[in-house]
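Colleague: Quick one, structure for this:
(one chain, ligands or ions: 1)
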Amino acid sequence: MKKAFAKMLIVFAAALLIGAPQAAQASDLKGELEIFSWWAGDEGPALDALIEIYKKENPGVKVINATVTGGSGVNAQAVLKTRMLGGEPPDSFQVHAGQELIGTWVKADRMEDLTPLFKEQGWLDAFPEGLIKLIGTDKGIWSVPVNVHRSNVMWYIPANLKKWGVQAPKTWDDFLAIAPKLKAEGVVPLALAQNWTANHLWESVALASMGADNWDALWAGKLSFDSPEVVKAWELYGKVLQYTNSDASSLSWQQATDMVVDGRAAFNIMGDWAAGYMSTTKKLAPGEGYGWLASPGTEGTFMFLADSFGLPKGSPHRDNAVAWLKVLGSQEGSDAFNPLKGSISARKDSDLSKYNAYSQSAAKDWNSNRVVGSLVHGVAANDTFKNGFASIMEMFLKAKNPQAAAKACAQLAKKAGI
Ligand code: GAL
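Modeller: I've put the predicted structure just below:
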């Protein structure tokens, strides 16, 4: 009897041992890893969470977190270009999934094909097929996606709206109806920041004005940029702009969010990194502390973008960079990064219990909405169009001429091969 009991104990202990989770083995990698991104300052905490995991797994590697400040990568992308063309690539760099990656460094044959890594890590099943298509060509897969952000979101502070006696507008007509009242009370109806955020606002307004089918048709070259649909979008955009702050061009996107948080402005249209900023930096609770809606007129459509990291040819510490990509693509890495960032995981097996109410609602919409690509954040068009569009926007902000802007876009589209 005793013997049988002892045997049972041994079997039980062995089962426990076999079943026990294996502690992650620290690698013996050495040297440096330079990670290049625009996630500086307030955008840093989520990246730091990834770096922490990397350091635990690779204690011998010195991580150089090279950031260039500037929302949506406006400055970082210029610095990256100089470095890539000068033959001094970082070990790994941030790039938006889509045309921003494919139309530039992949086209120039400066990236390594990551297909073997995707196969080895089981990522071909872990990421949605559509996303893999976006980061791939017939020659390979070119980056590892770390998140999915939503571009078309309107942010507000519920208590402030209550105080002012207004509701978050579901359409731009609703917005245009309440905006004069807010303005009369000394509240900026819609907070805006530097140029790229004007482009960002445009993509939400244009999506509402022309609808998702036309939006997709534009980028597929099936709807002309000087068609009446697009002119109409510029007209609406001009009306909306009347209700933005006059010092926009000198503000960062965070400062525009601050205007809403501080009660100087009622609304802001921004990607959901603003949720990350309000939750992680400002410590506001989603729902009570800050509220959100799909940007007016776009409910049911999720305009998306994804940040990813690639492996440039000639990466000085290639093995260290591959280890970095493994962290980015892992479930652990993704679910440490995204809850702080305001984005959702690009993986299909994300643990949503780690995410706040905003992100859970975004995840639900991601899985049920019509999905379209962002222009400003690299999905829909290549850099030739994106950068040219920024110049057309400068012109529009001064001249406010919808016809002229639409015409200039049509010429640009030709040049950009759309
Ligand atoms: C986007 C990027 C986001 C966030 C934002 C503001 O382009 O995808 O992750 O960083 O810019 O800088």
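Colleague: Now do the strands in this protein.
Modeller: In the chain, the strands defined using DSSP state E lie at 31-37, 61-67, 92-96, 136-137, 140-141, 144-145, 149-150, 153-156, 188-191, 265-269, 291-294, 301-305, 307-310, 370-373.
Colleague: elements contacting the second one?
Modeller: If I follow you right, that is strand 61-67. Counting contacts by 3 or more C-beta pairs under 8 Å, 6 or more residues apart in numbering; DSSP states H and E, strand 61-67 is packed against strand 31-37, helix 44-57. Bear in mind the C-beta positions are built from the backbone N, C-alpha and C, glycine included.
Colleague: Touching stretch 37-54 from outside, list them.
Modeller: 33, 35, 61, 63, 65-76, 93-94, 146, 254, 273, 276-277, 280-281, 309, 323-324, 327-328, 332-333, 336-338, 340-341 (C-beta atoms under 8 Å, 6 or more residues apart in numbering).
Colleague: Quick one: mean pLDDT over it.
Modeller: For stretch 37-54, mean pLDDT rounds to 97.
Colleague: got the buried residues for it?
Modeller: 37-40, 42-47, 49-51, 53-54 (16 or more other C-beta atoms under 10 Å).
Colleague: Likewise for stretch 157-175?
Modeller: Neighbour-count burial for stretch 157-175, counted by 16+ other C-beta under 10 Å, picks out Ile157, Asn160, Leu161, Val166, Ala168, Pro169, Lys170, Trp172, Phe175.
Colleague: residues contacting the fourth one?
Modeller: Looking back up the chat, that one is Val166. So Val166 contacts Ile178, Lys181, Leu182, Ala266 (C-beta under 8 Å, 6+ apart).
Colleague: Now do the contacts for the last one.
Modeller: Residues counted as contacts of Ala266 (C-beta under 8 Å, 6+ apart) are Tyr156, Asn160, Leu161, Trp164, Val166, Leu182, Val187, Val188, Pro189, Leu190, Val260.
Colleague: I'd like those residues written out as a markdown table, with distance to the ligand added.
Modeller: Shown next, in a markdown table, are those (distance: C-beta to the nearest ligand atom, whole Å):
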| residue | distance to the ligand |
| --- | --- |
| Tyr156 | 19 |
| Asn160 | 24 |
| Leu161 | 25 |
| Trp164 | 28 |
| Val166 | 27 |
| Leu182 | 26 |
| Val187 | 25 |
| Val188 | 21 |
| Pro189 | 23 |
| Leu190 | 18 |
| Val260 | 16 |
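Colleague: so what's the residue of the stretch 151-300 of the chain found nearest the ligand closest to, chain neighbours aside?
Modeller: Of all residues in the stretch 151-300 of the chain, Trp273 sits closest to the ligand, at 4.1 Å by C-beta to the nearest ligand atom. Spatial nearest neighbour of Trp273, chain neighbours left out: Gly342 (5.0 Å); criterion: C-beta to C-beta, 6 or more residues apart in numbering.
Colleague: okay, now the residue of the stretch 151-300 of the chain closest to the ligand: neighbour count?
Modeller: 26 (other C-beta atoms under 10 Å).
Colleague: can you tell me the distance between the two ends of stretch 131-144?
Modeller: Using C-alpha to C-alpha, to the nearest Å, the end-to-end distance of stretch 131-144 comes out at 10 Å.
Colleague: cool, and stretch 31-47?
Modeller: With C-alpha to C-alpha, one end of stretch 31-47 sits 20 Å from the other.
Colleague: could you list every residue that touches Pro128?
Modeller: Ala346, Lys348.
Colleague: Any idea which residue is closest to the centre of this protein?
Modeller: His149 (3.9 Å; C-alpha atoms, centre = their mean).
Colleague: Which positions are bridged to that residue in the beta structure?
Modeller: Counting by DSSP bridges, His149 forms beta bridges with Leu305.
Colleague: Just confirm it contacts Asn338, I think it does.
Modeller: No. His149 lies out of contact with Asn338 (C-beta atoms under 8 Å); the separation is 9.5 Å.
Colleague: Okay, and which of the contacts of stretch 37-54 map to helices?
Modeller: Mapping the contacts of stretch 37-54 onto helices (DSSP state H) picks out 76, 254, 273, 276, 323-324, 327-328, 332-333, 336-338, 340-341.
Colleague: For Ser27, see how far away Pro145 is.
Modeller: Per C-beta to C-beta, to the nearest Å, Pro145 is found 23 Å from Ser27.
Colleague: which residues are there in the protein that come within reach of the ligand?
Modeller: Contacts of the chain with the ligand, taken as C-beta under 6 Å from any ligand atom, map to 38-39, 43, 71-73, 96, 149, 253, 271, 273, 305, 307, 377.
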